[in-house]
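**Student:** Below are the sequence and a predicted model for it; my questions follow.
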Amino acid sequence: MFAPYRAAITGLGAYLPEKVVTNFDLEKIVETSDEWIRTRTGISERRVATTEQASSDLALPAAQEALKSAGLMPQDLDLIIVATASPDMLFPTTACFLQAKLGASCGAFDLAAACSGFPYAVAVAEGFVKAGLYKNVLVVGAEAITKFINWKDRSTCVLFGDGAGAAIISRSKDGHGILASYLGADGTQSDILQIPAGGSVNPPSEETVKNGLHYLRMAGPELFKIAVRTMEQAVHEVLRRENLQVSDIACLIPHQANNRILQAVADRLEIAPEKVYINVDRYGNMSSASTAVALYEAVKSGAIKKGDYVVLVAFGGGLTWAANLIKW
């Protein structure tokens, strides 16, 4: 009888650009204030990529650290998946650029699920490993999302930051690993969070540039309600699949959108605040990199220990949402 392998995260890495943009820096370029940003979002600062840094450049050091952490070489990889909403180009994929920079020789593709990208990619990698098709899959959430932000729009420019987080998904050697994944989407809500131009609906033109259609647009109040509801739903669903309760979670790693959303999700789940890992104050919303970097930091800081039940959960443009339940 076919016995599927269990997939586990065997290595982690992260990279944050050196440039720090504080709320006080933003006060100089847009009508806002440190107090306004902090009280509404919980964000104090964010990292911003240089003009020379593309998403694959941020992904590279994160991937290299994850490989080292897992005790692997680039040649050991069977597949590279890069989750990103800010690819280097429409094509070739960011994953192909990363593959070349790593010196790997394996399949490579991008996954587009906006801020849900990393949990989505973890679920895809889990499938390949559990099926026995691949032994080692590199999953990266990498974003240079600030390149698509209108720095004159205070409703969005204060929220986002750049960064990358990486994980190696391999066969579990001790029974620990990814226990369940859940993916959701609602394409009827696509207008709530999007970059309208640059694709085949609105190809680049003088008109699309003039009208700012290449910048990220977001309907914040509508998104808040859906984000809280779908993340709560996703957490309950992955727990249900393993007959676990919220009280069993040792560490919840939510998408770092803003502090109000994180607090609302925690309240709805009735989970202790100390079990929710938060770094949005230092990095802002890094889209698909958020959960990846937060997981990396939580492990490094000791917030996650061997045997802990960990849940990654996110929502993003699409609309999409996703969760992974992991026994560390």
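**Tutor:** Done, it's in.

**Student:** ok, residue 96 - how many residues close by?
**Tutor:** 19 (other CB atoms under 10 Å). In short, each C-beta sits where N, CA and C put it, glycine included.

**Student:** Doesn't it belong to a helix?
**Tutor:** Yes. Residue 96 sits within a helix when classified using DSSP: H, G, I helix; E, B strand; the rest coil.

**Student:** That one contacts residue 105, doesn't it?
**Tutor:** No. Using CB atoms under 8 Å, residue 96 is not in contact with residue 105, being 11.8 Å away.

**Student:** Quickly list what's touching both of the two.
**Tutor:** Residues touching both residue 96 and residue 105 (CB atoms under 8 Å, 6 or more residues apart in numbering): there are none.

**Student:** Report the separation between the most centrally placed residue in the chain and residue 122.
**Tutor:** Nearest to the mean C-alpha position of the chain, counting by CA atoms, centre = their mean, stands residue 288 at 2.5 Å. Using CB to CB, to the nearest Å, residue 288 is found at 11 Å from residue 122.

**Student:** One more: residue 287?
**Tutor:** 15 Å.

**Student:** For those two, indicate the residue with more neighbours.
**Tutor:** Counted by other CB under 10 Å, residue 287 and residue 122 do not tie: residue 287 has more neighbours, with 34 against 29.

**Student:** Next, give phi and psi for the more buried one.
**Tutor:** Dihedral pair for residue 287: phi 50, psi -130, per degrees, to the nearest 10.

**Student:** That one contacts residue 85, correct?
**Tutor:** Yes. With contact defined as CB under 8 Å, residue 287 and residue 85 form a contacting pair (5.0 Å).

**Student:** what residues are shared contacts of these two?
**Tutor:** 114-115, 117, 143, 145, 316.

**Student:** In strands only, show me the residues you listed.
**Tutor:** 143, 316 (DSSP state E).

**Student:** ok, the shared contacts of residue 287 and residue 85 vs residue 165, which is closest?
**Tutor:** Residue 165 lies nearest to residue 143 out of the shared contacts of residue 287 and residue 85, by CB to CB, at 9.7 Å.

**Student:** mind listing what the closest one touches?
**Tutor:** Residue 143 touches 55, 58, 84-86, 162-164, 286-289, counting by CB under 8 Å, 6+ apart.

**Student:** For residue 5, see how far away it is.
**Tutor:** Taken as CB to CB, the span from residue 143 to residue 5 is 30 Å.

**Student:** One more: residue 91?
**Tutor:** 32 Å.

**Student:** Give the burial count for the closest residue in space to residue 44 that isn't next to it in sequence, as a bare number.
**Tutor:** Nearest residue to residue 44 in three dimensions, chain neighbours excluded: residue 281, at 5.0 Å (CB to CB, 6 or more residues apart in numbering). Look at residue 281: counted by other CB under 10 Å, it has 15 neighbours.

**Student:** do the same with residue 209
**Tutor:** Residue 209: 11 neighbours (other CB under 10 Å).

**Student:** how many other residues sit next to residue 38?
**Tutor:** By other CB under 10 Å, neighbour count at residue 38 equals 15.

**Student:** Check which helix or strand it maps to.
**Tutor:** helix 34-41 (DSSP states H and E).

**Student:** And stretch 248-265, what's buried?
**Tutor:** 249-259, 261-262, 264-265 (16 or more other CB atoms under 10 Å).

**Student:** Identify those among these that sit within strands.
**Tutor:** Filtering the buried residues of stretch 248-265 for strands - DSSP E - leaves 249-254.

**Student:** got JSON lines for these, with pLDDT and distance to residue 206 too?
**Tutor:** Below are those laid out as JSON lines (pLDDT from 0 to 100; distance: CB to CB, whole Å):
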{"residue": "249", "pLDDT": "98", "distance to residue 206": "51"}
{"residue": "250", "pLDDT": "97", "distance to residue 206": "54"}
{"residue": "251", "pLDDT": "98", "distance to residue 206": "49"}
{"residue": "252", "pLDDT": "98", "distance to residue 206": "46"}
{"residue": "253", "pLDDT": "98", "distance to residue 206": "43"}
{"residue": "254", "pLDDT": "97", "distance to residue 206": "40"}
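
**Student:** Go through those residues and name the one nearest residue 100.
**Tutor:** Taking those together and measuring to residue 100 by CB to CB, the closest member is residue 253, at 30.2 Å.

**Student:** Which helix or which strand is home to the closest residue to residue 255 other than its chain neighbours?
**Tutor:** Nearest non-adjacent residue to residue 255, counting by CB to CB, 6+ apart: residue 314, 3.5 Å away. Assigned by DSSP H and E, residue 314 belongs to strand 309-316.

**Student:** Could you list the paired strands of that strand along with their orientation?
**Tutor:** Strand 309-316 sits in its sheet next to strand 249-254 (parallel), strand 320-327 (antiparallel), going by DSSP bridges.

**Student:** mean confidence score for the longest one?
**Tutor:** Think strand 320-327. Strand 320-327 carries an average pLDDT of 98.

**Student:** Then stretch 201-221?
**Tutor:** Rounded mean pLDDT across stretch 201-221 is 90.
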